[in-house]
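1. what shape does this take:
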Amino acid sequence: MDLLNAIVALSNFVLIPAISYGSQLALGALGVTLIYGILRFSNFAHGDSMAFGAMVTILFTWWFQGMGLSLGPLPTALLALPFGIGATALMMLATDRVVYRFYRRVKAKPIVYVMASLGVMFIMNGVVRFIIGPGEQRFGDGARFIIKARDFKNWSGLNEGLAFRTSQGITIITAIVVVAALFWFLNKTRTGKSMRAFSDNEDLALLSGINPERVVMVTWIIVAGLVTIAGVLYGLDKSFKPFTYFQLLLPIFASAIVGGLGNPLGAIAGGFVIAFSEVTITYAWKKVATYLVPEALEPSGLVQLLSTDYKFAVSFVILIVVLLFKPTGLFKGQSV
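-> Model prediction:
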């Protein structure tokens, strides 16, 4: 029974949160790797793009809630999500036309794109804070839990109760569906194959008659969908706060680089590597250890390597190690 209690406690505080968080990072890292692979630059406005998409979705969610619209046990935000994706796509296409298109025309170096994206990042950060405010916003409704801890205790007879939140279930299922749809699109459709060809060899793709502006447009639209979904899922699972999305830029970039920048499969793997690393290193293992070790050896402290305040430091350390020893990442993406 102690072993089962330890497994349930581990699932509650490590496995389920890490899988949920990893799904959110994977979606965000996919957007980073698509931009890097096709548009050839690191988009530092990525985190604030997530915040923008989540903000628009929240505004529509509040509007729908005010009109009495809902999805029953599911969050109303899922009903507002298409509007958030549409607004983010328009914003990204407008930004590309106003900012990045000029640099493509003059064939600017990647560092110029990066500096331009930093400017876009600061502007978007200010716009989001001005519209929705800098404070924490909660917009989740519907059923809070799929599995309640008390119900699980009554059913199983264990001391530990398994709690599985609705937001975590939606995150995991949505990530699987979105990733499957994206890989199908990239591998089976003509537009997706054009994007892959453009990423592999831009000059050869142009000689083959591929329209570069169309590839760029489709890339921004796909990235808009990915960042909005990732931002909304993160907000439902935790809460929405603009500065938090700015901080998410580090673990998202770390995920993309660890997996292999420019490699979609690597972005997914990297997301889960970063998520499990952050959660396991900052979790206090005392409860799990209490079930597994003899009473005489039970720890008196929390058995926590790092405080949760330093979870982003874990991403930073992993990022530095990968850049030093394996800059192409786990799946041999493009060297950073």
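2. any buried residues in stretch 134-144, and which?
-> Residues of stretch 134-144 classed as buried under the neighbour-count rule (16 or more other C-beta atoms under 10 Å) are 137, 139-142. From N, CA and C alone the C-beta is placed, and that goes for glycine too.
3. that should have said stretch 1-12, apologies.
-> Going by neighbour count (16+ other C-beta under 10 Å), the buried part of stretch 1-12 is 5-12.
4. equivalent analysis for stretch 36-44, please.
-> 36-39, 41-44.
5. ranges for the helices of the stretch 1-150 of the chain?
-> Ranges of helices within the stretch 1-150 of the chain are 2-10, 16-34, 46-66, 77-95, 101-105, 110-132, 149-156, based on DSSP state H, counting those that start in this stretch.
6. so which of those helices gets nearest V178?
-> Distances from V178 to each of the helices of the stretch 1-150 of the chain were compared by C-beta to C-beta, and the smallest falls on helix 16-34, at 6.4 Å.
7. helices and strands around the closest one, which ones?
-> Judged by 3 or more C-beta pairs under 8 Å, 6 or more residues apart in numbering; DSSP states H and E, the packing partners of helix 16-34 are helix 46-66, helix 166-188, helix 212-237, helix 249-259, helix 264-282.
8. tell me where the model's unsure across the protein.
-> Within the chain, the ranges that satisfy pLDDT under 70 run 332-336.
9. report the contact partners of I320.
-> Taking C-beta atoms under 8 Å, 6 or more residues apart in numbering as the definition of contact, I320 has no neighbours.
10. in which helix or strand does it reside?
-> Taking DSSP states H and E as the definition, I320 sits inside helix 311-325.
11. what comes up buried for that helix?
-> Buried residues in helix 311-325 (16+ other C-beta under 10 Å): 311-312, 314-315, 318-319, 322.
12. distance to F83 for these - can I get that in a markdown table?
-> Shown next, in a markdown table, are these (distance: C-beta to C-beta, whole Å):
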| residue | distance to F83 |
| --- | --- |
| K311 | 32 |
| F312 | 31 |
| V314 | 35 |
| S315 | 31 |
| I318 | 36 |
| L319 | 34 |
| V322 | 37 |
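13. need the three-state assignment for G161.
-> Recorded secondary structure, G161: coil (DSSP: H, G, I helix; E, B strand; the rest coil).
14. burial of the closest residue to it other than its chain neighbours, as a residue count?
-> In space, and not counting its chain neighbours, G161 is closest to A149: 2.9 Å by C-beta to C-beta, 6 or more residues apart in numbering. Applying other C-beta atoms under 10 Å, we find 15 other residues in the vicinity of A149.
15. against A163, how distant is A149?
-> Spatial separation of A149 from A163 under the definition C-beta to C-beta, to the nearest Å is 4 Å.
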